[in-house]
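> fold the following and give me the result.
(chains A and B)
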Protein chains: 2
Amino acid sequence: MLFRQLYDQETSTYTYLLADLDTKEALLIDPVLEQVERDLKLIKELGLTLRYCLETHIHADHITGTGELRKRVNCQGIVPEKAQADCADRYIKDGEELQLGSIQIKAISTPGHTDCDMSYLVNGTHLFTGDALFIRGCGRTDFQSGNSALLYDSITQKMFTLADETLVYPGHDYRGQTVSTIGEEKQFNPRLANQSKEDFVNLMANLNLPNPKKIMEAVPANQQCGKSLATA
Amino acid sequence: MLFRQLYDQETSTYTYLLADLDTKEALLIDPVLEQVERDLKLIKELGLTLRYCLETHIHADHITGTGELRKRVNCQGIVPEKAQADCADRYIKDGEELQLGSIQIKAISTPGHTDCDMSYLVNGTHLFTGDALFIRGCGRTDFQSGNSALLYDSITQKMFTLADETLVYPGHDYRGQTVSTIGEEKQFNPRLANQSKEDFVNLMANLNLPNPKKIMEAVPANQQCGKSLATA
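Numbering: from 1, shown residues only, chains lettered A, B, ... in the order given. Model (predicted):
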């Protein structure tokens, strides 16, 4: 499997490129609108065909590149089944498997950051956790139908039951970390290790975070697969 | 081998953590002073012992974490043999091999960005290119004894003779790219693919880049392994 982690510095967002080296089919997880040229250039250089753009959820901090990528290279935009995005080409539901050449992508419903979050387990080894689980942290739960009790269950009952060596690739990182493992997060994630659900809910209720800068434009734009409001 | 790529957002610098999972010995390539706490925390959580801090060159854009790490955990600071850093515990020369448990690190002299640059080939598969070769770019050659003709030779005669599938891990990236391969850079690096030495020298002479913000403090501090001038 070809695997590339790509970063958008302005919003600290990770986009992931996966491709089957035999069939040359590729997918992007959580592409960012401002990085579409970079991503398309790389895909072209590597001789790949972009089949899918896969969203982990409706983002509040950046506008997805899916709409623009679909327009340019006719890929399919796939969003979690509960996401309010009528523009999607396809919805994916909990437990559903997507095949990309010999690469197997399994959707795991992990709500709590929003009510639609999906994580993706690739080839049983790479877990793309979106904004549910971060490296030594987790996504916030104070808007967009966030629910901290639900997030606690998603992480502890779904992600933390995977093998310890499973690689964790988050949707964001704000401290320059690129990868972790389930074993590490079980042991060292300060919000979750040795924390009861009650502890976690209390902690999440008292973070007092400012809203993301782009929330007013990002959520409605992402509900239209990245079409900006000005051109909608 | 345990391998972690770490990023300093302020200076777009990559630091690399390598460790032998049996002996638990670790080394950092190009640590950044402001990230020492993050790096030490990770090393501690993973149960590792930091043996070495390995510099690719005397940096002009950030202050190395090596001095502080040595003070805290008594690791050795290793710098290229031609670097003017009297504070080093050890110098490494072209072709020299360093062993870290079962991990083999081979130094390859790749001057041109500065007159001391060393790249490190790990286990024959991972090439840490410092500021000589970047992903689809290269280090500047307009100060600190930079020499673009020499950099051209270092990249084309040393790096580009390695196997195409060798992974390229640079000292910086400014576009959110995390890894490349020798094959890709030979084919797609706009400064080097199908460029004669003369073309390259002309191109490098006309970049007109501003000086790095930290150059006045970084170079003298790094010649003292990261001791800041204020406390020197």
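> which ones are touching the nearest residue to residue A:188 once chain neighbours are set aside?
With CB to CB, 6 or more residues apart in numbering or on different chains as the measure, residue B:45 is the residue that lies nearest to residue A:188, at 4.9 Å, once sequence neighbours are left out. For glycine as for every other residue, the C-beta is placed from the backbone atoms N, C-alpha and C. Contacts were defined as CB atoms under 8 Å, 6 or more residues apart in numbering or on different chains; by that measure residue B:45 touches A:184, A:187-188.
> now the residue nearest to the spatial centre of chain A. Nearest residue, chain neighbours left out?
For chain A, the residue nearest the mean C-alpha position is residue A:130 (2.9 Å; CA atoms, centre = their mean). Taking CB to CB, 6+ apart as the measure, residue A:130 lies nearest to residue A:56, with 2.8 Å between them; neighbours along the chain are not counted.
> which phi and psi does the one you found have?
Summarising the backbone geometry of residue A:56 under the convention degrees, to the nearest 10, its torsions are phi -80, psi -30.
> swap in residue A:171?
With angles defined as degrees, to the nearest 10, residue A:171 sits at phi -80, psi -20.
> pLDDT wise, what is it at?
Each residue has a pLDDT score; the one for residue A:171 is 98.
> one more: the one 5 residues further on?
We have a pLDDT of 98 for residue A:176.
> what is the neighbour count of it?
Taking other CB atoms under 10 Å in any protein chain shown as the criterion, the count of residues near residue A:176 is 22.
> hang on, residue A:152 packs against residue A:201?
Yes - if you go by CB atoms under 8 Å, residue A:152 and residue A:201 touch, sitting 7.0 Å apart.
> these two: who's more crowded?
Comparing residue A:152 with residue A:201 by other CB under 10 Å, the one with more neighbours is residue A:152, at 23 against 17.
> how near is the nearest residue to residue A:182 once chain neighbours are set aside to residue B:148?
Leaving out its chain neighbours, the residue that sits closest to residue A:182 by CB to CB, 6+ apart is residue A:166, at 4.4 Å. Relative to residue B:148, residue A:166 is positioned 45 Å away (criterion: CB to CB, to the nearest Å).
> repeat for residue A:48
In this structure, residue A:48 and residue B:148 are separated by 33 Å, where distance is defined by CB to CB.
> again with residue A:33
Separation of residue A:33 from residue B:148 (CB to CB): 36 Å.
> and the two? which has more neighbours close in?
Neighbours were tallied for residue A:33 and for residue B:148 using other CB under 10 Å; the higher tally belongs to residue B:148 (23 against 20).
> just the pLDDT for the more buried one.
98.
> now residue A:183
Model confidence at residue A:183, expressed as pLDDT, equals 98.
> correct me, but it touches residue A:165?
Yes - counting by CB under 8 Å, residue A:165 is a contact partner of residue A:183 at 6.5 Å.
> now residue A:88, nearest residue through space, not along the chain?
Using CB to CB, 6+ apart, the closest residue to residue A:88 is residue A:79 (4.3 Å).
> that's a strand at that neighbour, yeah?
Yes - assessed with DSSP: H, G, I helix; E, B strand; the rest coil, residue A:79 lies in a strand.
> now it: how far from residue B:145?
When distances are taken as CB to CB, residue A:79 and residue B:145 turn out to be 53 Å apart.
> looking at these two, which is more packed in?
With other CB under 10 Å as the criterion, residue A:79 and residue B:145 differ in neighbour count, and residue A:79 comes out ahead with 28 against 14.
> related to what we said a few turns ago, between the contacts of residue B:45, which is closest to residue B:134?
Proximity of these to residue B:134, judged by CB to CB, is greatest for residue A:184, which lies at 29.5 Å.
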